[in-house]
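**Student:** Take this sequence and fold it.
(12 chains)
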Protein chains: 12
Amino acid sequence: MSDHVYKILELTGSSATSIEDAVANAIAKAARTVRRMQWFQVLETRGHIADGHVSHWQVTVKVGFTLEE
Amino acid sequence: MSDHVYKILELTGSSATSIEDAVANAIAKAARTVRRMQWFQVLETRGHIADGHVSHWQVTVKVGFTLEE
Amino acid sequence: MSDHVYKILELTGSSATSIEDAVANAIAKAARTVRRMQWFQVLETRGHIADGHVSHWQVTVKVGFTLEE
Amino acid sequence: MSDHVYKILELTGSSATSIEDAVANAIAKAARTVRRMQWFQVLETRGHIADGHVSHWQVTVKVGFTLEE
Amino acid sequence: MSDHVYKILELTGSSATSIEDAVANAIAKAARTVRRMQWFQVLETRGHIADGHVSHWQVTVKVGFTLEE
Amino acid sequence: MSDHVYKILELTGSSATSIEDAVANAIAKAARTVRRMQWFQVLETRGHIADGHVSHWQVTVKVGFTLEE
Amino acid sequence: MSDHVYKILELTGSSATSIEDAVANAIAKAARTVRRMQWFQVLETRGHIADGHVSHWQVTVKVGFTLEE
Amino acid sequence: MSDHVYKILELTGSSATSIEDAVANAIAKAARTVRRMQWFQVLETRGHIADGHVSHWQVTVKVGFTLEE
Amino acid sequence: MSDHVYKILELTGSSATSIEDAVANAIAKAARTVRRMQWFQVLETRGHIADGHVSHWQVTVKVGFTLEE
Amino acid sequence: MSDHVYKILELTGSSATSIEDAVANAIAKAARTVRRMQWFQVLETRGHIADGHVSHWQVTVKVGFTLEE
Amino acid sequence: MSDHVYKILELTGSSATSIEDAVANAIAKAARTVRRMQWFQVLETRGHIADGHVSHWQVTVKVGFTLEE
Amino acid sequence: MSDHVYKILELTGSSATSIEDAVANAIAKAARTVRRMQWFQVLETRGHIADGHVSHWQVTVKVGFTLEE
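**Tutor:** Model (predicted):
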């Protein structure tokens, strides 16, 4: 693992259900075009409110992927 | 959305179950007296431990609501 | 509660399931050797990705326990 | 000035024009119900984009006002 | 304690004497209108200088109180 | 808005005139190749000085755009 | 002093009287089992409120001690 | 540029008009006694309120100047 | 107050007694050569330990003074 | 330099030798596909330990490059 | 790696030579009593000056080690 | 050491070689006019890139020196 170079993406995913699901949605969508994603870090957890209830969660993550060929 | 003014509340909610539930409890209680809440941001996640287990979660959020009449 | 002294541990727990479960795992393991744990605070939420999916969550917490005899 | 107690509000104002105007809008609206506002501090400057241009600025401020009678 | 919701105020108190006294003054004044205050956290410690001496301390605190009826 | 995934860019724009103009320049240049930009957040405001005057402003922003097809 | 290695503890002490006394209490209790403590840094100052008055201060410190034999 | 040493000043400037003007005022006044100022960074933007309106802006900047002869 | 420019010093003062006294010592010594000091802000509170007791407090402050003639 | 727009990349490089070498490795690999890189800022320095020794350093940097044609 | 629990130590190491050597010294000394150390993160880099030269570097790191048996 | 007052300078030094050398250069240049420098703290590590390689390191430090006569 010592000689990898990682590039880091920042993504915001959403979910009506949970923080974990919002992160999973962001990573699943990124996985369509980015390969070799290795790790993530949660930067910020926000959400929207409608009629006095949480309508959805919005979670921003950094995602690291290797630049190897 | 461009000409709203938001006022921002800070609340701490609790739940024995999950982070999401603690936020939902805080917003549900605030909704009894505050209308037009639009968004929230998680500031801090803490909790209490009893007998070596998490007894409840305490999550602090900022909540924005519009000052429109 | 006014005359306690707390010592604070820092732990990272893991779970394939959720943030809450990662914290619970860290505290359960620490409870084997540390008694009188009272509270925790989440410092950082990270995780690993395998094949374009979250493989596990890693959550770092501070845990306070009393130094009383 | 030495024996005042200040209470601090947090507000977000908007403007299509400038950061200064967004702050002025927030303070003008708050001034309808809050008196004796003394100072503010900018916490965050954000905005919305439409068609590749800034459509409006959103600036969050803390505002201190005295609790004197 | 697990099912409380706290609302959080931000206050700045002053004292010519000490940091502790500035906090006490802020809480004493807030206590005239806010009940069930439970805890505080010091956010910032500032002060004014006159003739080369500290003329008064200004301490900003967050104060949490329960929303129970 | 609840099921979008945002990707976040970081840009620094410059202007001899104002902070707002530096942000507008950064977004206008990015708009040549990035579509569906939705929001921005100011991270840092710096500048250069020449002959004892501000010669230009440099403002760094995060910009979020949707990954929808 | 150039070749020491310090280990750093984190402690929270309490006092009904003052911030200084809360720190002194934390260090006095730690001194029963930890030797060669050299310095401390205040991380957080909090407290509890009872009947509209500060009932006690809670101050969290990092404490460094040398690992020399 | 590679072998310069910069010394860094911290200044707060004021203006009734704008953030940019407050920075310009701070730099103009410092330029009477400090030469070779090269860059600045905005640290904090505050202001005063009078009669429900912004009376002036106060902007704190770091300013770097070279120590060359 | 609207057209002042402040220059900001950073100082660390010490005291065997209290945080307040450490700040007072720093300001008193600076007052021998700096005039028109107006305000301060506490940045960091540290200290030294000898024989299991606090031997002295070290408090770092920013101090603002006006550049007027 | 006043009318450039920079785009900012975030990269993590590794080295068994030094912090400087880890940064150099990240930039050298990025230089294969990114031109006109101008500056970097170190965000985080971490590393791995094997058999009680540092096995490699991992350094995360922001890198700015111009978007000019 | 998904089911480990890490405990995190904080250490400060010194060296007359370099930042890397100060970290290596801290980890080497901790390795006498702590096994299974896995990673570290640099928190702070300081140092002492004597006769206008750096006399030694002091680097504070967090070190994670597994609690497995 | 308990009754000193320190004044704190902020400096940025450069080096084509290393972080340590950039700090040494800043302190060596300051030592021409400032005596009794005691300690430093690294605040920020940046650098410039030319032709896809690090051309020089720029390190910003706080430096404390005693105000004694």
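
**Student:** Show the backbone phi and psi for the closest residue to chain L within chain A.
**Tutor:** Nearest residue of chain A to chain L (Cβ to the nearest Cβ) works out as A:Val5 at 13.5 Å. Bear in mind the C-beta positions are built from the backbone N, C-alpha and C, glycine included. When read as degrees, to the nearest 10, the backbone of A:Val5 gives phi -110, psi 130.

**Student:** Spit out the contact partners of the closest residue to it other than its chain neighbours.
**Tutor:** Closest residue in space to A:Val5, ignoring its immediate chain neighbours: J:Lys29 at 4.3 Å, by Cβ to Cβ, 6 or more residues apart in numbering or on different chains. Neighbouring residues of J:Lys29 by Cβ atoms under 8 Å, 6 or more residues apart in numbering or on different chains: A:Val5, A:Leu67, J:Leu11, J:Gly13.

**Student:** pretty sure J:Lys29 is in a helix, no?
**Tutor:** Yes. Looking at J:Lys29 with DSSP: H, G, I helix; E, B strand; the rest coil, it is inside a helix.

**Student:** Not counting its neighbours along the chain, what's nearest A:Lys62?
**Tutor:** A:Gln41 (4.7 Å).

**Student:** from what I can see that neighbour touches C:Glu44, true?
**Tutor:** Yes. Using Cβ atoms under 8 Å, A:Gln41 makes contact with C:Glu44 at a distance of 7.2 Å.

**Student:** mind listing what A:Gln41 touches?
**Tutor:** Contacts here follow Cβ under 8 Å, 6+ apart; on that basis A:Gln41 touches A:Val61, A:Lys62, C:Glu44, C:Thr45, C:Arg46.

**Student:** how would you label the last one: helix, strand or coil?
**Tutor:** Looking back up the chat, that one is C:Arg46. Secondary structure assignment for C:Arg46 (three-state DSSP): strand.

**Student:** so how far is D:Lys29 from it?
**Tutor:** 40 Å (Cβ to Cβ, to the nearest Å).

**Student:** And the helices in chain A?
**Tutor:** Assigned by DSSP state H, the helices in chain A fall at A:19-30.

**Student:** Low-confidence ranges, it, go.
**Tutor:** A:1-3, A:68-69 (pLDDT under 70).

**Student:** mind listing what's buried in stretch A:60-69?
**Tutor:** A:Thr60, A:Val61, A:Lys62, A:Val63, A:Gly64, A:Phe65, A:Leu67 (16 or more other Cβ atoms under 10 Å in any protein chain shown).

**Student:** Quick check: of those, which lies closest to J:Ala50?
**Tutor:** Set against J:Ala50, the nearest of those by Cβ to Cβ is A:Gly64 (20.7 Å).

**Student:** Name the nearest residue to the closest one, sequence neighbours excluded.
**Tutor:** A:Tyr6 (4.1 Å).

**Student:** which residues touch the one you found?
**Tutor:** A:Gln38, A:Gly64, A:Phe65, A:Thr66, A:Leu67, J:Leu11, J:Thr12.

**Student:** Could you rerun that using 7 Å?
**Tutor:** By Cβ atoms under 7 Å, 6 or more residues apart in numbering or on different chains, the contact set of A:Tyr6 is A:Gln38, A:Gly64, A:Phe65, A:Thr66, J:Leu11, J:Thr12.

**Student:** now for these, which pair is the farthest apart?
**Tutor:** By the measure Cβ to Cβ, A:Gln38 and J:Leu11 form the most distant pair in the contacts of A:Tyr6, at 13.5 Å.

**Student:** ok, now which residue in chain A is the farthest from the centroid?
**Tutor:** A:Asp51 (27.0 Å; Cα atoms, centre = their mean).

**Student:** Next one: it relative to B:Arg35, how far apart?
**Tutor:** Going from A:Asp51 to B:Arg35 by Cβ to Cβ gives 10 Å.

**Student:** and for those two, which residues touch both?
**Tutor:** By Cβ under 7 Å, 6+ apart, no residue touches both A:Asp51 and B:Arg35.

**Student:** Skipping adjacent residues, who's closest to A:Val59 in space?
**Tutor:** What sits nearest to A:Val59 in space, not counting adjacent residues and going by Cβ to Cβ, 6+ apart, is A:Ala22, at 4.1 Å.

**Student:** isn't that neighbour right up against A:Val54?
**Tutor:** No. Between A:Ala22 and A:Val54 there is no contact under Cβ atoms under 7 Å: 11.5 Å.

**Student:** Check which residues of stretch A:46-55 are buried.
**Tutor:** Buried positions in stretch A:46-55, judged by neighbour count with 16+ other Cβ under 10 Å: A:Arg46, A:Gly47, A:His48, A:Ile49, A:Val54.

**Student:** and chain A, which residues reach chain B?
**Tutor:** Residues of chain A lying close to chain B by Cβ under 7 Å from any Cβ of the partner chain are A:Ser18, A:Ile19, A:Thr45, A:Arg46, A:Gly47, A:His48, A:Ile49, A:Gly52, A:His53, A:Val54.

**Student:** how many neighbours does the closest residue to the first one other than its chain neighbours have?
**Tutor:** Nearest non-adjacent residue to A:Ser18, counting by Cβ to Cβ, 6+ apart: B:Glu20, 5.4 Å away. The burial count assigned to B:Glu20 is 24, neighbours taken as other Cβ atoms under 10 Å in any protein chain shown.

**Student:** what's the answer for the one 4 residues further on, then?
**Tutor:** B:Ala24 is surrounded by 17 other residues when neighbours are defined as other Cβ under 10 Å.

**Student:** Tell me where chain A has strands.
**Tutor:** A:6-15, A:37-50, A:53-66 (DSSP state E).

**Student:** related to what we said a few turns ago, show me which of A:Gln38 and J:Leu11 is the more surrounded one.
**Tutor:** Ranked by neighbour count (other Cβ under 10 Å), A:Gln38 and J:Leu11 place J:Leu11 first, with 24 against 16.

**Student:** Was I right to think the more buried one contacts A:Leu9?
**Tutor:** No. In this structure J:Leu11 lies outside contact range of A:Leu9 using Cβ under 7 Å: 11.3 Å.

**Student:** contacting residues around A:Thr60?
**Tutor:** A:Thr60 neighbours (Cβ under 7 Å, 6+ apart): A:Glu10, A:Thr12, A:Leu43, A:Glu44.

**Student:** does the nearest residue to A:Thr12 once chain neighbours are set aside have beta-bridge partners, and which?
**Tutor:** With Cβ to Cβ, 6+ apart as the criterion, A:Thr12 has its nearest non-adjacent residue at 4.0 Å, and that residue is F:Tyr6. With DSSP bridges applied, F:Tyr6 shows beta-bridge pairing to A:Thr12, F:Thr66.

**Student:** rewinding a little: closest one of the residues of chain A next to chain B to chain E?
**Tutor:** A:Gly52 (13.5 Å).

**Student:** Now the residue farthest from the centre of chain A. Its backbone dihedrals?
**Tutor:** Given degrees, to the nearest 10, the pair of backbone angles that A:Asp51 has is phi 50, psi 40.

**Student:** and A:His61, what are its bridge partners?
**Tutor:** Not His; residue A:61 is Val. Here A:Val61, judged by DSSP bridges, has bridge partners A:Leu11, A:Val42.

**Student:** Would you confirm that it contacts A:Trp39?
**Tutor:** No. Using Cβ under 7 Å as the test, A:Val61 is too far from A:Trp39 to be in contact (9.8 Å).

**Student:** distance between the ends of stretch A:7-26?
**Tutor:** Using Cα to Cα, to the nearest Å, the end-to-end distance of stretch A:7-26 comes to 17 Å.

**Student:** hmm, who's touching that stretch?
**Tutor:** A:30, A:34, A:40, A:42, A:45, A:55-65, A:67, B:19-20, C:18-19, C:54, F:2-8, F:64, J:9-12.

**Student:** Next, the buried residues of it.
**Tutor:** A:7-15, A:18-26.
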